[in-house]
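Asks: Got a predicted structure plus its sequence, pasted below:
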Amino acid sequence: MIILIPSYEPDHKLVALVESIVAAEGGHHVLVVNDGSDPRFDPVFERLRFAGATVIEHEPNRGKGYALKQGFAYVTDNFPDHDVVCADSDGQHTLSDILAVAAAVRSHGDGIVLGARDFSGEIPLRSRFGNAATRIALRAASGLRLQDTQTGLRGYPASLLGWLMTIDGDRFEYELSVLLKARQRGIEVVEVPIATIYIDDNESSHFRPVIDSIRVYLPLLRFSMSSLVAAAVDFVLVLALMALTGNLVIAVVGARVCSAAVNFTMNRRLVFDPTGRTPLPAAIAGYGTVAVGILIANYAILYLLYEQLGIYLGVAKLVTEVSLFLASYTLQKHFVFSRRSAEETRHAAQAESLHQ
């Protein structure tokens, strides 16, 4: 098992962690990636080498995601067929929790293992709020129900390392992108409980609340873009067709057909199925079934609000779209576009590894 630790300007806590890992039973090898730290931190990395860790480095600072991918590449080249546990360098992960995740990786085969904190006790507000917001957004966008979406303690089987190096993102957004892509490809994600540790109100964290929060949520926004664009098209067209025809049925049906075409095309080519692994006839048939159900619900809600309650059409349409957005997106993702089986994922990841 390789313990991979991306590190930017670490302190003595990382040295202590590496020493404890090396001293533990199991023969785990520690790989530290120096993510462009200032030269004044060179003595710390020398101490890490003395403690038994392998240290690789690059300049300048590129971000956590980039450092992780550099580590995966090194493991693939130098330790083929070794599983990897990723841990943070700021003292938030204990030896016992790292070993627990390592054991879970061995027992879960092709799945991703997350060390999940329960966020009990005194937790910094930005950490508590950030994880809660990301947890809700991730569930809405992908259907994943996770306790801790921002944990840095993660385990990956060797079969996924090639695939992990293809995921976009060089900074903190990378780890969220991994979860989104894992869900898309049908890779199992499991959680094991770990301690919730914040030292000095998490002051040692290099997470920048504004800039890095934007980076973290960008994958979610990109993941939902097609549905939002389609909703905008539908919103404009239903008003235009109603003004032209005066017929609610024609307006709703016409707008939905056009927006559905936009949504289907974007989802297939940009979001869910860029490689075209789902046969087009099957995708069209599945999408048509979902679209009909959403259309019926759309008309029923709009009829109730506009015809029966007399709410202004624009407001009624907005309420309708918000109500059906998550239902439409979830049905498209899970029932229209097929996902790879675990066997297919393993073969694809192994093939990607061979080409690195």
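Replies: Nice, thanks for sending it over.
Asks: low pLDDT regions in the stretch 1-150 of the chain?
Replies: Applying pLDDT under 70 to the stretch 1-150 of the chain flags residues 119-143.
Asks: ok, which stretches of it are strands?
Replies: Taking DSSP state E, counting those that start in this stretch, the strands of the stretch 1-150 of the chain run over residues 2-7, 29-35, 54-58, 84-86, 112-116.
Asks: Now residue 66: closest residue in space that isn't a chain neighbour?
Replies: residue 170 (4.0 Å; C-beta to C-beta, 6 or more residues apart in numbering). In this view, the C-beta of every residue, glycine as well, is placed from N, C-alpha and C.
Asks: So the one you found, which state does it fall into?
Replies: coil (DSSP: H, G, I helix; E, B strand; the rest coil).
Asks: 18 is where my numbering starts, stick with that
Replies: That works, and once the first residue is 18, the last one we named lands at residue 187.
Asks: how deep is it tucked in, by neighbour count?
Replies: By the criterion of other C-beta atoms under 10 Å, residue 187 has 16 neighbours.
Asks: I'd like the distance between residue 312 and residue 329.
Replies: Distance from residue 312 to residue 329, counting by C-beta to C-beta, to the nearest Å: 22 Å.
Asks: Name the residue in these two with the higher neighbour count.
Replies: residue 312 (17 against 10).
Asks: so what's that one up against?
Replies: The contact partners of residue 312, by C-beta atoms under 8 Å, 6 or more residues apart in numbering, come to 269, 270, 273.
Asks: Check the gap between the last one and residue 318 for me.
Replies: In this structure, residue 273 and residue 318 are separated by 13 Å, where distance is defined by C-beta to C-beta.
Asks: Between those two, which is the more surrounded one?
Replies: residue 273 (22 against 17).
Asks: Next up, identify which helix or strand the more buried one is on.
Replies: Using DSSP states H and E, residue 273 maps to helix 265-283.
Asks: Give me the mean pLDDT for that helix.
Replies: Taken as a whole, helix 265-283 has a mean pLDDT of 87.
Asks: gap between that helix and the chain center?
Replies: Centroid displacement of helix 265-283 relative to its chain, using C-alpha atoms, centre = their mean, to the nearest Å, is 30 Å.
Asks: Please report the number of neighbouring residues for the nearest residue to residue 326 once chain neighbours are set aside.
Replies: Leaving aside its chain neighbours, residue 326 sits nearest to residue 333 (8.0 Å; criterion: C-beta to C-beta, 6+ apart). Using other C-beta under 10 Å, residue 333 has 20 neighbouring residues.
Asks: Residue 333 touches residue 319, doesn't it?
Replies: Yes. Here residue 333 lies in contact with residue 319, judged by C-beta atoms under 8 Å, at a distance of 5.7 Å.
Asks: buried set for stretch 101-110?
Replies: For stretch 101-110, the neighbour count (16 or more other C-beta atoms under 10 Å) marks 101, 102, 103, 104, 105, 106, 107, 108, 109, 110 as buried.
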